[in-house]
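Asker: give me coordinates for this.
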Amino acid sequence: MKSNIYIQKIFGLSLLICFVPPALSITDEEIIAALEAKKDWEAAYSLATSLAERKKTYQAWRDVAIKYAKFDTDDKAYLQAWQHAYTLNLIPTYQNFLKIRVQSPQNRHAIYAIFKLVRVSNTPSDYLTFLADFPDVVESIEALLKIQEIAWKIAVDANDPLVFDQFVITFIGAKQIVAAIDMAFYAEKQSIEKELHSVKSLELLENIARRLFNEARVAEKQQNRLVAARKYRLLNLENFRKTEVFIKLLDTEERLAYQKLKQDKTNEIAKSINDIFLAIKESLPAKLIEQMEQSVKNVKKPSQLEEIIALTKSQLEQQIKQVNENIKQGNLGHVGADIASFGTGSKIAQIIGRISSKFSKPQQVPRFFDD
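Answerer: Residues are numbered from 1 along each chain as shown. Presented below is the predicted three-dimensional model:
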């Protein structure tokens with residue numbers, strides 16, 4: 001009988017032991033919290049680093065880099081956070097990484113990585129967001145050129161004079177501006193010629209000519225040089241040469257010169273290209289400027305701007321590759337030397353701000369981007 005009671009007690013005690021958590025089951029997180037409570041930050045940093053090495057996640061390394069920034073003297077946690085962010089390759093992760101150390105030169109690589117993803121999506125909204133977030137980097141110039149390319153394709157597909165006009169007004173200095181002026185003329189010329197095809201009397205012809213002349217005068221008063229110059233040029237079509245309106249047009253000195261308008265726009269494009277060149281040059285490291293000047297001595301064409309942008313991209317790609325290789329090999333002391341110092345890019349920001357203002361006013365936002 002006694003033996004049965006003893007057996008029951010032993011069995012009950014065994015069950016109790018099974019349900020009592022042993023002291024050794026305390027987690028690393030709890031130990032770290034206890035060390036922090038005791039203000040033993042150095043020991044907490046050491047254990048947190050070991051824990052992050054086991055977890056192998058961006059979030060773990062990011063938390064260590066932020067919480068123990070004072071003890072991360074060799075940038076181990078910070079650089080591991082970068083490498084995990086680069087492996088994930090997501091815009092929100094890069095944006096989060098940028099907040100760890102706002103003034104770090106490594107952020108330049110994160111911004112470039114963000115733009116590479118924006119370039120893959122290739123949507124106006126993503127490019128515009130990038131312009132707003134990072135207006136002082138070379139990639140913002142490329143983003144602007146990409147927006148212009150997309151808007152130009154939409155304008156060409158629409159083949160509408162008013163859409164071409166909106167392109168010229170919105171994208172000051174774009175390389176497609178002169179083409180837009182010409183294509184707006186040919187689009188309206190097609191419409192006029194279609195209308196003239198059914199005209200059989202000089203009176204109807206005179207009415208169309210008078211309408212064009214009046215539209216040109218109204219556009220002049222509204223200071224709309226694009227429309228006014230185009231209407232006057234249309235009046236120079238062979239069909240209108242015998243109308244009274246054309247004779248009146250020859251006698252007046254108030255008409256706008258179409259060729260002068262195009263020349264003014266050509267000069268505007270050249271100035272824009274030069275401004276962008278100087279702005280990019282201001283933002284680049286000295287070594288890259290030297291390389292750039294050897295490759296592109298006199299920047300006069302958009303294609304040369306693209307060459308400069310390509311040089312910048314090549315430089316950043318090489319830097320990222322070298323940085324990641326050194327992190328992988330544990331040569332953290334060499335990482336700083338891998339990162340060339342880029343300039344402030346304030347002139348780039350001025351150019352982007354000038355263009356972006358066109359999108360900030362609802363009444364001026366072009367109808368190109370109906371995503």
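Asker: tell me which element the closest residue to Q176 other than its chain neighbours is part of?
Answerer: The shortest distance from Q176 to any residue other than its chain neighbours is 4.7 Å, reached at W152 (Cβ to Cβ, 6 or more residues apart in numbering). Where C-beta positions appear, they are placed from N, C-alpha and C, glycine not excepted. Take DSSP states H and E as the rule and W152 turns out to sit in helix 138-158.
Asker: which residues touch Q315?
Answerer: Neighbour list for Q315: P285, L288, A340 [criterion: Cβ atoms under 8 Å, 6 or more residues apart in numbering].
Asker: in which helix or strand does the second one reside?
Answerer: According to DSSP H and E, L288 maps onto helix 286-295.
Asker: if we can go back for a sec, now the helix holding W152: buried residues?
Answerer: Within helix 138-158, the residues that count as buried by 16 or more other Cβ atoms under 10 Å are 138-148, 151-152, 154-156, 158.
Asker: the residue nearest to Q176 against Q166, yeah?
Answerer: No. Look at W152 against Q166 with Cβ atoms under 8 Å: they stay out of range, at 11.5 Å.
Asker: and I111, how close does it get to L162?
Answerer: Counting by Cβ to Cβ, to the nearest Å, the separation of I111 from L162 is 37 Å.
Asker: do A174 as well
Answerer: From A174 to L162 the distance is 17 Å (Cβ to Cβ).
Asker: of those two, who's got more company?
Answerer: With other Cβ atoms under 10 Å as the criterion, A174 and L162 differ in neighbour count, and A174 comes out ahead with 25 against 15.
Asker: that one touches I269, doesn't it?
Answerer: Yes. Checked against Cβ under 8 Å, the pair A174 and I269 is within contact range at 7.3 Å.
Asker: quick one: the helices in the stretch 101-250 of the chain, in order.
Answerer: 107-121, 124-133, 138-158, 161-170, 177-196, 202-221, 225-234, 244-251 (DSSP state H, counting those that start in this stretch).
Asker: contacts for the first one, please.
Answerer: Contacts of helix 107-121 from elsewhere in the structure, counted by Cβ under 8 Å, 6+ apart, are 82, 85-86, 89-91, 94-95, 97-98, 101, 126-127, 129-130, 134, 137, 139, 142-143, 146, 313, 316, 319-320, 323, 339, 342.
Asker: so which bits of that helix are buried?
Answerer: In terms of neighbour count (16+ other Cβ under 10 Å), helix 107-121 has its buried residues at N107, R108, H109, A110, I111, Y112, A113, I114, F115, V118.
Asker: then the shortest one?
Answerer: With burial defined by 16+ other Cβ under 10 Å, the residues of helix 244-251 counted as buried are V245, F246, L249.
Asker: so after that helix, what's the next helix or strand?
Answerer: Following helix 244-251 toward the C-terminus (DSSP H and E): helix 258-283.
Asker: now that next one and helix 138-158, what's the angle there?
Answerer: Taking axes from the mean of the first three to the mean of the last three Cα atoms, to 10 degrees, one finds that helix 258-283 is oriented at 150 degrees with respect to helix 138-158.
Asker: count of residues packed around P161?
Answerer: Using other Cβ under 10 Å as the criterion, the residues surrounding P161 number 22.
Asker: so who does it touch?
Answerer: Taking Cβ under 8 Å, 6+ apart as the definition of contact, the neighbours of P161 are A184, F185, A187, E188, R230.
Asker: how about these, which pair is most distant?
Answerer: A187 and R230 (9.7 Å; Cβ to Cβ).
Asker: okay, buried residues for the one helix or strand E317 maps to please.
Answerer: Under DSSP H and E, the secondary-structure element containing E317 is helix 302-329. Within helix 302-329, the residues that qualify as buried by neighbour count (16+ other Cβ under 10 Å) are 302, 304-305, 308-309, 311-313, 315-316, 319-320, 323-324, 326-327.
Asker: right, and the helix or strand after that helix?
Answerer: Secondary structure here is assigned by DSSP H and E; on that basis, the next helix or strand after helix 302-329 toward the C-terminus is helix 335-338.
Asker: quick revisit: for S25, state which of the buried residues of helix 302-329 is nearest.
Answerer: So of the buried residues of helix 302-329, ranked by how close each gets to S25 (Cβ to Cβ), first place is I327, at 34.3 Å.
Asker: contacts only, for the closest one.
Answerer: When contacts are counted by Cβ under 8 Å, 6+ apart, I327 touches L79, Q80, W82, Q83, V335.
Asker: in strands only, show me those.
Answerer: Judged by DSSP state E, strands contain none of the contacts of I327.
Asker: same list (these) but as JSON lines, adding neighbour count and distance to A279.
Answerer: Listed next are these as JSON lines, based on neighbours: other Cβ atoms under 10 Å; distance: Cβ to Cβ, whole Å:
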{"residue": "L79", "neighbour count": "20", "distance to A279": "31"}
{"residue": "Q80", "neighbour count": "24", "distance to A279": "35"}
{"residue": "W82", "neighbour count": "29", "distance to A279": "28"}
{"residue": "Q83", "neighbour count": "15", "distance to A279": "32"}
{"residue": "V335", "neighbour count": "21", "distance to A279": "29"}
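Asker: still on that earlier bit, so which of A187 and R230 has more stuff around it?
Answerer: Here A187 and R230 are set side by side on neighbour count (other Cβ under 10 Å), and the busier one is R230, at 27 against 19.
Asker: now that one: how far from Y186?
Answerer: Summarising the geometry, the distance separating R230 from Y186, computed by Cβ to Cβ, is 10 Å.
Asker: with V120 instead?
Answerer: Counting by Cβ to Cβ, the gap from V120 to Y186 is 35 Å.
Asker: K99 now?
Answerer: Using Cβ to Cβ, one gets 51 Å for the distance from K99 to Y186.
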